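K.L.:
this is the structure alone, sequence omitted:
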């Protein structure tokens, strides 16, 4: 059995080989016809449906280990696959096939006075490394989106979902084979060794063009700290919902319950509720009663607890916490300016929402906050590429370079300039 150094060398060699194979596959995908990529995606969807029993059996193994390890309920929910969720994975693959192919699209064209015609054309990024935890559906989502955008992808799922990811990956490779595309276009790192992540962050000898982490705060922080290649990332989804004095009460209640409780373990779940102080007498208690009736734990400031004694005390740390659970922090603020100030202080720049019937207040909120996604009179749970019409997403990017918000097929491309002349030379 190899010692620690020997094991590290084995992982390094394994990952380098994955990188070389991905680079070769990326050259094929860059010029693959749209119909070929779409045929592969359709074949993948059928293969996922045909492999439903195998995928559920593999997922049962992962879930058994999660329960033995005492994983939190939100974590187990993200890990769980059901017949409906497998059907949704297959449908997402078909949805991506139905999207317009971004590769080769001319985004702008102009002619210079000297007659040169210049076009800006979308091109694949190349090889994308995706590092994710617990969500086995990401295996299919990331594989499909990268393929549609003409990219090869190296997937490194968490050890907690390895069996599920392997079963899904096998279906994806079956689809690639059927369409005549290289199986190396979508590769799954076969080892749970954490050293594999380190090798990906180094760039696999220059073969990886961008890294996309999708997971907990510690994973994303590590990627952002150690990566030697560009990163599309969000550190956490600390999302805020602000209920303004001009909000319709019934709408506010419905949106608050949905934003927090529809699925508490996703990054678009609201973690902090802000209520206009001028509105507290009419809106605060009914909204908190609706949340509590839905099973949400309320943590509030002193003045919130004075009006809603069932709330637990909220600490400063609570307002900086992504719970990913049925817990919400609540504070009163002085109008939209108070909400903006609170969000500027605590937000992770992911998603924020306002409920108000005052158009001017809504515009002040939307223009005054620098987060990737801003919503007016809608739940934060719409912070999702599929809901945006992107056919799914590879993650939500909160940086400001290249991609921001849901990262779909268009965001997984770059561009080049193509200049056509008739013999011009520069004086």
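P.N.:
Arrived safely. Here the structure is a predicted model, which means the values were calculated and not measured.
K.L.:
what's near enough to touch residue 228?
P.N.:
Neighbouring residues of residue 228 by CB atoms under 8 Å, 6 or more residues apart in numbering: 201-203. Every C-beta, even on glycine, is put in place using the N, C-alpha and C of the backbone.
K.L.:
which other helices and strands does the longest helix along the chain contact?
P.N.:
The longest helix of the chain (DSSP state H) is helix 4-29. On a contact count with 3 or more CB pairs under 8 Å, 6 or more residues apart in numbering; DSSP states H and E, helix 4-29 meets strand 127-132, strand 152-156, strand 186-188, helix 195-202.
K.L.:
okay, the angle between it and strand 152-156?
P.N.:
Going by axes from the mean of the first three to the mean of the last three CA atoms, to 10 degrees, helix 4-29 is angled at 150 degrees with respect to strand 152-156.
K.L.:
not counting stretch 183-190 itself, show me its contacts.
P.N.:
The contact list for stretch 183-190 (CB under 8 Å, 6+ apart) reads 14-15, 18, 21-22, 24-26, 28-29, 139, 143, 146-147, 152-157, 165-166, 169, 172-173, 176-177, 196, 200.
K.L.:
and for stretch 270-278?
P.N.:
For stretch 270-278, contacts defined as CB under 8 Å, 6+ apart pick out 237-245, 247, 256, 259-260, 283-284, 287, 291, 319, 321-323, 328-336, 338-339, 342-343, 346, 353, 379-380.
K.L.:
repeat that for 6 Å
P.N.:
Applying CB atoms under 6 Å, 6 or more residues apart in numbering, the external contacts of stretch 270-278 come out as 238-245, 259-260, 283-284, 319, 322-323, 328-335, 339, 342, 380.
K.L.:
show the model's pLDDT score for residue 11.
P.N.:
Model confidence at residue 11, given as pLDDT, is 93.
K.L.:
after the longest helix of the chain comes which helix or strand?
P.N.:
The element immediately downstream of helix 4-29 (helix or strand, assigned by DSSP states H and E) is helix 34-50.
K.L.:
same for that following helix, what does it pack against?
P.N.:
Here helix 34-50 touches helix 83-98, helix 137-148, helix 162-179, going by 3 or more CB pairs under 6 Å, 6 or more residues apart in numbering; DSSP states H and E.
K.L.:
and the angle from the first one to helix 137-148?
P.N.:
Using the same axes, to 10 degrees, one finds that helix 83-98 and helix 137-148 are set 10 degrees apart in direction.
K.L.:
buried residues, helix 83-98. List them.
P.N.:
Using 16 or more other CB atoms under 10 Å as the test for burial, helix 83-98 gives 86, 88-90, 92-97.
K.L.:
likewise the longest one?
P.N.:
Taking 16+ other CB under 10 Å as the neighbour-count basis, helix 162-179 is seen to contain the buried residues 162-176, 179.
K.L.:
please tell me how far that helix is from the chain's geometric centre.
P.N.:
Once both centres are worked out by CA atoms, centre = their mean, to the nearest Å, helix 162-179 turns out to sit 21 Å from its chain's centre.
K.L.:
ok, residues contacting that helix?
P.N.:
Contacts for helix 162-179 (CB under 6 Å, 6+ apart): 36, 39-40, 43-44, 47-48, 51, 54-55, 58-59, 61-62, 136, 139-140, 143, 157, 183, 185-186, 188, 192.
K.L.:
tell me where the stretch 301-427 of the chain has strands.
P.N.:
312-313, 327-333, 351-355, 373-376, 396-397, 405-406, 413-420 (DSSP state E, counting those that start in this stretch).
K.L.:
so which bits of the last one are buried?
P.N.:
Buried positions in strand 413-420, judged by neighbour count with 16+ other CB under 10 Å: residue 413.
K.L.:
that one pairs with which strands, parallel or anti?
P.N.:
Its sheet considered, strand 413-420 pairs with strand 117-124 (antiparallel) by DSSP bridges.
K.L.:
buried residues, the strand it pairs with. List them.
P.N.:
Neighbour counts over strand 117-124 (16+ other CB under 10 Å) mark 121-124 as buried.
K.L.:
which of the residues you listed sit farthest apart?
P.N.:
The largest separation in those, counting by CB to CB, is between 121 and 124 at 11.3 Å.
K.L.:
now do the contacts for residue 94.
P.N.:
residue 45.
K.L.:
mind giving me the domain split of the chain?
P.N.:
4-232+407-419, 239-382 (automatic domain parsing).
K.L.:
how far does the last one stretch from one end to the other?
P.N.:
Meaning domain 239-382. In domain 239-382, first residue to last residue: 12 Å (CA to CA, to the nearest Å).
K.L.:
ditto for stretch 364-384
P.N.:
With CA to CA applied, stretch 364-384 spans 24 Å between its terminal residues.
K.L.:
check stretch 410-427 too.
P.N.:
Stretch 410-427: ends 38 Å apart by CA to CA.
K.L.:
buried members of the contacts of helix 162-179 into ChimeraX, please.
P.N.:
Those of these that count as buried under 16+ other CB under 10 Å are selected in ChimeraX with:
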select :39,40,43,44,47,48,51,55,58,59,62,136,139,140,143,157,185,186,188
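K.L.:
how about low-confidence regions in the stretch 1-150 of the chain?
P.N.:
Under the criterion pLDDT under 70, the flagged ranges of the stretch 1-150 of the chain are 1-6.
K.L.:
hmm, try it at 80
P.N.:
The model of the stretch 1-150 of the chain has pLDDT under 80 over residues 1-8, 74, 134.
K.L.:
who are the contact partners of residue 249?
P.N.:
residue 283 are the contacts of residue 249 under CB under 6 Å, 6+ apart.
K.L.:
now swap in residue 212 and tell me
P.N.:
130, 232, 394-395.
K.L.:
also residue 135?
P.N.:
By CB under 6 Å, 6+ apart, residue 135 lies in contact with residue 78.
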